[in-house]
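In: Structure for this input, please:
(chains A, B, C and D)
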Number of protein chains: 2
Amino acid sequence: MAKRLGELEQFLLYALVALGDEAYGASIHREIEARSGRSLLVGAVYTLLDRLESRGLVASWVGEPTAARGGRRRKHYRLTPAGARLLLVAHEEHHRMVRGLGSRLARLAER
Amino acid sequence: MAKRLGELEQFLLYALVALGDEAYGASIHREIEARSGRSLLVGAVYTLLDRLESRGLVASWVGEPTAARGGRRRKHYRLTPAGARLLLVAHEEHHRMVRGLGSRLARLAER
DNA sequence: GATTAGTACAACTTTGTTGTAGATTTCGCG
DNA sequence: CGCGAAATCTACAACAAAGTTGTACTAATC
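Out: Numbers count the residues shown, from 1 in each chain, chains lettered A, B, ... in the order given. Purely as a prediction, here's the structure:
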């Protein structure tokens, strides 16, 4: 299987999980900021989407122009099975690493 | 406050939380592999410890030679308050990003 | 053609990885 | 004993991958 995912790559893939069919560059950017509270430039999203697609972890298709307002056509993305499996690996590693440490960490941080 | 932590940097700091007083390069390496299941070379740990210390996120002191076995003196590390706070920020961002997505991800990955 | 919504990408910085070298300490063996 | 082998641990250079920033561009509506 492919190599590891970076942390922001993981966030991006989680956003795809959350967004389902409504995942495209700009909505992914909004979703990451809204969910996590972490801010990033939209450019970062497109850079990572390109890299992830070339690794076969996401797939894309260009949508129809939307009825609503102006703007270029949306390019939609979804997780591939390979991408989902790799994200799950990262998910489980993180979960095991963190398990049971939350309250200790909170105590250390409030000093 | 300082910049973001990388993912492996976070793992390393979690290992410090888990190990308490018994944190030094080699034990940190073992702890990360044992907890997360992720494998890495010990060299990576020392590289990151140096970088984290120069950012003021961990502090170190050299221990006495241990009665037991051979080996060079251990250099012990602990989280500084700044390090703990930064780790907590990453912890919370990750938690919010992932929240509620676990079961959907598992379903996508089993295809 | 002004405005809005969205994508592309080059250049650069920071993190992560690998491999090798070196420092100390204990222990067995002649 | 005292010397070298083995055990335990740290250091770091060189490279690869991921993250960040800023700007330019495309395409649709009014």
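
In: So stretch A:91-103, near DNA strand D or not?
Out: No: on the criterion Cβ under 7 Å from any atom of the strand, stretch A:91-103 is out of touch with DNA strand D, staying 12.8 Å away. Backbone N, C-alpha and C define where each C-beta goes, glycine included.

In: what comes up buried for that stretch?
Out: Under the neighbour-count criterion of 16 or more other Cβ atoms under 10 Å in any protein chain shown, stretch A:91-103 has A:91, A:93-94, A:97-98, A:101 buried.

In: Could you check that stretch against chain B for contacts?
Out: Yes: residues of stretch A:91-103 contacting chain B under Cβ under 8 Å from any Cβ of the partner chain: A:91-94, A:96-99, A:101-102.

In: can I get the buried residues of stretch A:91-103 in a markdown table with distance to DNA strand C?
Out: Formatted as a markdown table, the buried residues of stretch A:91-103 follow (distance: Cβ to the nearest atom of the strand, whole Å):
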| residue | distance to DNA strand C |
| --- | --- |
| A:91 | 16 |
| A:93 | 11 |
| A:94 | 12 |
| A:97 | 13 |
| A:98 | 15 |
| A:101 | 18 |
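
In: In helices, which of these appear?
Out: A:91, A:93-94, A:97-98 (DSSP state H).

In: from those residues, which is closest to DNA strand D?
Out: residue A:94 (12.8 Å; Cβ to the nearest atom of the strand).

In: ok, now how distant is the closest one from residue A:77?
Out: Taking Cβ to Cβ, to the nearest Å as the measure, residue A:94 falls 22 Å from residue A:77.

In: likewise residue A:95?
Out: 25 Å.

In: what do you get for residue A:86?
Out: With distances taken as Cβ to Cβ, residue A:86 is found 15 Å from residue A:77.

In: Quick check: phi and psi at residue A:26.
Out: Note on residue A:26: its backbone torsions stand at phi -70, psi -40 [degrees, to the nearest 10].

In: and it, how many neighbours?
Out: Residue A:26: 14 surrounding residues under other Cβ atoms under 10 Å in any protein chain shown.

In: who are the neighbours in contact with the spatially closest residue to it that is not a sequence neighbour?
Out: Counting by Cβ to Cβ, 6 or more residues apart in numbering or on different chains, residue A:42 is the residue found nearest to residue A:26 once chain neighbours are left out, at 6.6 Å. Shown in contact with residue A:42 (Cβ atoms under 8 Å, 6 or more residues apart in numbering or on different chains): A:25-26, A:29.

In: between the residues you listed, which is nearest residue B:48?
Out: Minimum distance to residue B:48 across the contacts of residue A:42 is 29.2 Å, recorded for residue A:29 (Cβ to Cβ).

In: what helix or strand is the closest residue in space to residue A:91 that isn't next to it in sequence on?
Out: Distances taken as Cβ to Cβ, 6+ apart place residue B:105 nearest to residue A:91, at 6.3 Å, with adjacent residues excluded. Here residue B:105 is covered by helix B:102-109, with elements defined by DSSP states H and E.
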